[in-house]
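A.B. asks: structure for the following, please:
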Amino acid sequence: MAKKQKSICRKPLTPTQRAFLLAWIAYDGNGTKAALETCHCGTPRAAAVCAIRMLGNASMQLALEEEMERQGLGIIQIIEKLTAGLDSVSLKTRFRAMELIIKLRDTLPVFIKEDGSILK
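C.D. replies: Numbering: from 1, shown residues only. Prediction:
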């Protein structure tokens with residue numbers, strides 16, 4: 001018996017997901033801050049887990065890409081904001097920031113050409 005293929009249709013975001021998405025952009029990609037503000041998490045650690053779950057959601061990823069495009073934001077601008085000022089922080093914080101950048105790069109369906117322009 002043949003397996004049914006899943007349709008690729010996006011479910012609408014919940015009000016909490018929509019609020020998280022806008023907060024994530026406002027906080028320059030800081031999921032923990034966005035989750036603390038929107039997900040009613042009691043601790044930063046719980047907020048980080050919430051943010052990872054939110055950003056791993058397929059509907060959220062598509063909505064995030066659309067919202068960033070609507071606001072004229074690109075992956076380059078987000079990476080620049082995340083890396084700004086890394087020289088003044090601890091090595092541990094720099095590694096964490098780079099991990100987040102890699103996750104962000106892998107999450108968004110965007111390709112960066114060698115000249116820095118974005119290919120969609």
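
A.B. asks: going by secondary structure, Lys47 is in what exactly?
C.D. replies: Let me fix one detail, which is that residue 47 is Ala and not Lys. helix 44-56 (DSSP states H and E).

A.B. asks: show me where the chain has helices.
C.D. replies: Remark: helices assigned in the chain by DSSP state H are 15-26, 31-38, 44-56, 58-70, 75-83, 91-107.

A.B. asks: next, the buried residues of the first one.
C.D. replies: If I follow you right, that is helix 15-26. Of the residues in helix 15-26, 17, 20-21, 23-25 count as buried by neighbour count, 16 or more other Cβ atoms under 10 Å. Any C-beta I mention is one placed from the backbone N, CA and C, and that applies to glycine too.

A.B. asks: and for the second one?
C.D. replies: By neighbour count with 16+ other Cβ under 10 Å, helix 31-38 contains the buried residues 31-38.

A.B. asks: poorly predicted segments of this protein, please.
C.D. replies: Scanning the chain for pLDDT under 70 picks out the ranges 1-9, 75-76, 78-79, 81-89, 101, 104-120.
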